[in-house]
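A.B. asks: what follows is a predicted structure for the sequence shown.
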Amino acid sequence: MTDRPEFEQRDADWLGVHEALERILGRHAPLPAVAVPLGEALGRTLAEAAIARARLPPWDNSAMDGYAVRSADLAGASETAPVELEVIGVARAGASELPEVGPGQACRIMTGAPLPPGADGVTRVEYTDGESGREGWVRIHSEGDAGRNVRPGGQDMERGDAVAPAGVRIDSGWTALLAAAGVDPVPVHRAPEVLIVTGGDELRSLDAFHDVVEGRAIPDTNAPMLAAAVRAAGGRPRVTGPARDDAADLRRHLAQARDADLVVTVGGASMGEADLLKRTFEEDGLEVDFWRVRMRPGSPMAFGHLPRPGGGPPLPLLSLPGNPASAFVTFQLFGHPLVRHLSGDPRPHRPVIAARAGERLGSTPRLCHFHRVVIDPAAPHDPLPTVRLAGHAGSGLVHSLGPAAGLAVVPEGIAAIEQGERVEVVLLRDTPGAHAPAFADAR
Ligand SMILES: Nc1nc2c(c(=O)[nH]1)N[C@H]1C(S)=C(S)[C@@H](COP(=O)(O)OP(=O)(O)OC[C@H]3O[C@@H](n4cnc5c(N)ncnc54)[C@H](O)[C@@H]3O)O[C@H]1N2
Ligand code: MOO
C-alpha cells in the first residue's frame, strides 16, 4: 500500500458539517472591488458604502396637484364660505422660475414641483373649483390642507449620506437608491470565476446524448446543474466538459483554471479504483484540507488547494461526490456559501426555516442527514409549513432534485424526526411556498 498516493492513504477526517463550512469559508477573503455600470450590478454585492452625490429631493416640493397658498388665507374656508385667491402663475416639476405668493394669492402647482416662495402649503385641486369661476381666480372650499402637502427638501437623502452599506446584495430596491443617489458605476466585489470539472469515461455532455439514447453512456448531469448553481450564487461558471479517465486529459481540463477563483470537481471523491482524480491531484501538489464530512448524502467530499497553473496564489478546490444528489446537496451546503462569500456577501448561507415533518425523516447514527423535501402550505392553525420527501432518497437519482425546495436537516445523533415533529429546513428557493399572500380586502 505504501506506493499509493497520500490522498488515497489519508485517513478520512469525518468533520462535522459546521466545522467543514468554517474551514472552507475561513481560508478566503472576499474578492477585490471592481466598478460596474448600475445596469449590470443586479445580484452583485456592494464593496463599500454608497454615498449620495446630491440632496434629494433638491427642494421643498408639492405632494399634490393643486394650489400653493399661504395658510393664513385659508382661515374659515368652507363649502358655504369659500375663499377666493388670485392665481399668479404655475409651478411645474422642474420649473426654474417661481412666482412669489403674496397674501390673497395662489400659484397653481403640480406634484413634485418646487414650492414657490411665500407659500407654506398646497391645497389639493379637489378642494377647489379649479378656476372654473372668475377668470384668474380660484375658489377654495376647505381649510383642510392648510400648511400641508409639502415634502421637505433633503427628506430622502442629503449629499454625502451613506445610502447603502457595504455588503448588500443589489436588487431592484437597492437599485432605486443607487440610481437616486447617482451611484454609477457601482463598486462591487468581483464575481468569482468557477471552473467546473466533471470526469468519467461513462459521461456524455448533451451534444453527445445519442450515446445515452443507445445505452452506451450516462448524461453529465452534474456539469449543467453546477453551472446553474454557480450562476444562482452570483459566480461565473466555466464548464470544461467531462474529462476522460486518464491523467493527461484531466490535466488538460485543470489547466483551464489559470484565472479561476475556485475549482469544483465532481466524482472520484470516494474509494473507486478509477478514482484517478485524487491520484492526479496528489501528484500535482494538492494540499488537502479535509476529506469526508459526517453527512448524508455527500460524505466523500473534500476541500483543499491546488498550485495554480502558471503560478499565483493557490487555487481552492472543492471536490464533490459524483452521485448527482450528493453533488447537488454538497454544492448547496458548501459551494453556494463559498461563492457568496467570495462575492462579498457577509451572510453567505442559505436561510433556514422551521417546518413540520409531514412524514418520518430517518437518519443514520453519527451522520447529519439532509433530506430533499417539498414544502407545503401550513395546515389551518399551524404556523409551520409542512415538508415531505421530494422523491426517492437514492443519491444516484436525479428525480427529486427538481421539486426539492429545501433540505430538511436531521442532526447527528438523532435516529429520526417523526411525523408531526418540528424540523429545520435549509431553503433552496426564495419562496418557501407556505402561503400565497392573503391581503384580506375588506370588500
Ligand atoms: N467502497 C465505497 N464505495 C463508495 C463509498 C464509500 O465510502 N466506500 N461512498 C459512496 C458514496 S457515499 C458516494 S456519494 C459515491 C461517491 O462517488 P465518487 O465521488 O467516487 O464518484 P464516481 O465513483 O466517479 O461516481 C459515482 C456515481 O456518480 C456518477 N457520476 C459521476 N459524475 C457524474 C456526472 N458529472 N453526472 C452524472 N453522474 C455522474 C457515476 O457515473 C457513478 O454512478 O461513492 C460511493 N461508493
Ligand atoms: O452519501 Mo453518497 O453521498 O450517498 O451518495
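C.D. replies: Looks like it came in fine. Ligands and ions are numbered 1, 2, ... in the order given.
A.B. asks: tell me where the stretch 151-300 of the chain has helices.
C.D. replies: Listed in chain order, the helices of the stretch 151-300 of the chain (DSSP state H, counting those that start in this stretch) span 172-180, 210-213, 222-232, 247-254, 276-283.
A.B. asks: and for the stretch 301-443 of the chain?
C.D. replies: For the stretch 301-443 of the chain, applying DSSP H, counting those that start in this stretch gives helices covering 324-330, 336-342.
A.B. asks: which residues are contacting the last one?
C.D. replies: Residues lying outside helix 336-342 but in contact with it, judged by Cβ atoms under 8 Å, 6 or more residues apart in numbering, are 21, 24-25, 28, 30-31, 189, 192, 194, 229-230, 232-235, 261-262, 316, 318, 348-350. C-beta coordinates here come from the backbone N, C-alpha and C atoms, glycine included.
A.B. asks: so which of the residues you listed belong to strands?
C.D. replies: 189, 194, 262, 316, 318 (DSSP state E).
A.B. asks: nearest to Leu177 among those?
C.D. replies: When the ones in strands among the contacts of helix 336-342 are compared for distance to Leu177 (Cβ to Cβ), His189 wins out at 18.3 Å.
A.B. asks: and for the closest one, the neighbour number?
C.D. replies: His189 has 23 neighbouring residues, counting by other Cβ atoms under 10 Å.
A.B. asks: isn't it up against Ala29?
C.D. replies: No. The pair His189 / Ala29 is not scored as a contact, 10.0 Å apart, by Cβ atoms under 8 Å.
A.B. asks: spatially nearest residue to Leu115 (excluding sequence neighbours)?
C.D. replies: Leaving aside its chain neighbours, Leu115 sits nearest to Asp60 (4.5 Å; criterion: Cβ to Cβ, 6 or more residues apart in numbering).
A.B. asks: so what's that neighbour scoring on pLDDT?
C.D. replies: Looking at Asp60, its pLDDT reads 95.
A.B. asks: again, but for the one 5 residues further on
C.D. replies: With respect to pLDDT, Asp65 has a value of 96.
A.B. asks: phi and psi next, for it.
C.D. replies: In terms of degrees, to the nearest 10, the main-chain angles of Asp65 are phi -80, psi 130.
A.B. asks: from Ala91, how far out is it?
C.D. replies: Distance of Asp65 to Ala91, given as Cβ to Cβ, to the nearest Å: 11 Å.
A.B. asks: repeat for Asp259
C.D. replies: Per Cβ to Cβ, Asp259 is found 56 Å from Ala91.
A.B. asks: which one of the two is surrounded by more residues?
C.D. replies: When neighbours are counted by other Cβ under 10 Å, Asp259 and Ala91 differ, and Ala91 comes out ahead with 25 against 12.
A.B. asks: so which of the helices of the stretch 301-443 of the chain gets nearest ligand 2?
C.D. replies: Among the helices of the stretch 301-443 of the chain, helix 324-330 comes nearest to ligand 2, with 3.2 Å by Cβ to the nearest ligand atom.
A.B. asks: thinking again about what came up before, common neighbours of Asp65 and Ala91, please.
C.D. replies: Common contacts of Asp65 and Ala91 (Cβ under 8 Å, 6+ apart): 109-110.
A.B. asks: now the residue in the stretch 1-150 of the chain positioned nearest to ligand 1: closest residue in space that isn't a chain neighbour?
C.D. replies: Closest residue of the stretch 1-150 of the chain to ligand 1, Cβ to the nearest ligand atom: Ala12 (8.4 Å). In this structure, Ala12 finds its nearest non-sequential neighbour in Arg292, 3.7 Å apart by Cβ to Cβ, 6+ apart.
A.B. asks: Ala302 is in contact with the one you found, correct?
C.D. replies: Yes. Between Arg292 and Ala302 there is a contact under Cβ under 8 Å: 7.4 Å.
A.B. asks: higher neighbour count, those two?
C.D. replies: Using other Cβ under 10 Å as the criterion, Arg292 and Ala302 rank with Ala302 on top: 27 against 19.
A.B. asks: is that one in a bridge, and if so with what?
C.D. replies: Beta bridges link Ala302 to Trp291, Ser319, judged by DSSP bridges.
A.B. asks: so that it lines up with my notes, have the first residue be 46 from now on.
C.D. replies: Got it, first residue is 46 now, which makes that one Ala347.
A.B. asks: am I right that it is in contact with Phe335?
C.D. replies: Yes. The pair Ala347 and Phe335 passes the contact test of Cβ under 8 Å, sitting 6.6 Å apart.
A.B. asks: narrow the ones in strands among the contacts of helix 381-387 to just the buried residues.
C.D. replies: 234, 239, 307, 361, 363 (16 or more other Cβ atoms under 10 Å).
A.B. asks: look up phi and psi at the nearest residue to Arg289 once chain neighbours are set aside.
C.D. replies: Nearest residue to Arg289, sequence neighbours excluded (Cβ to Cβ, 6+ apart): Asp246, at 5.6 Å. Note on Asp246: backbone dihedrals following degrees, to the nearest 10 are phi -60, psi -20.
A.B. asks: Asp246 and Ala262, how far apart?
C.D. replies: 8 Å.
A.B. asks: look at these two and report which has more neighbours.
C.D. replies: Neighbour count, other Cβ under 10 Å: between Asp246 and Ala262, Ala262 has more, with 18 against 13.
A.B. asks: list the contacts of the more buried one.
C.D. replies: Applying Cβ under 8 Å, 6+ apart, we find Ala262 in contact with 247-249, 253, 256.
A.B. asks: can you report how many residues lie near the residue in the stretch 296-445 of the chain that ligand 1 sits nearest to?
C.D. replies: Ligand 1 sits closest to Gly367 of the stretch 296-445 of the chain, with a gap of 2.7 Å, by Cβ to the nearest ligand atom. Neighbourhood size, Gly367 [other Cβ under 10 Å]: 25.
A.B. asks: please apply the same query to Arg281.
C.D. replies: Counted with other Cβ under 10 Å, residues neighbouring Arg281 total 16.
A.B. asks: would you mark the buried spots in the strand or helix carrying Gly134?
C.D. replies: Here Gly134 sits within strand 128-136, counting by DSSP states H and E. Buried positions in strand 128-136, judged by neighbour count with 16+ other Cβ under 10 Å: 128, 130, 132-134, 136.
A.B. asks: near ligand 1, which of those show up?
C.D. replies: When contact is defined as Cβ under 6 Å from any ligand atom, the buried residues of strand 128-136 do not meet ligand 1 at all.
A.B. asks: could those be laid out in CSV, adding pLDDT?
C.D. replies: Output for these, formatted as CSV (pLDDT from 0 to 100):
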residue, pLDDT
Val128, 98
Leu130, 98
Val132, 98
Ile133, 97
Gly134, 95
Ala136, 93
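A.B. asks: columns distance to Gly166 on top of those, output as a markdown table?
C.D. replies: A markdown table is the format used below for the buried residues of strand 128-136 (distance: Cβ to Cβ, whole Å):
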| residue | distance to Gly166 |
| --- | --- |
| Val128 | 13 |
| Leu130 | 12 |
| Val132 | 16 |
| Ile133 | 16 |
| Gly134 | 17 |
| Ala136 | 13 |
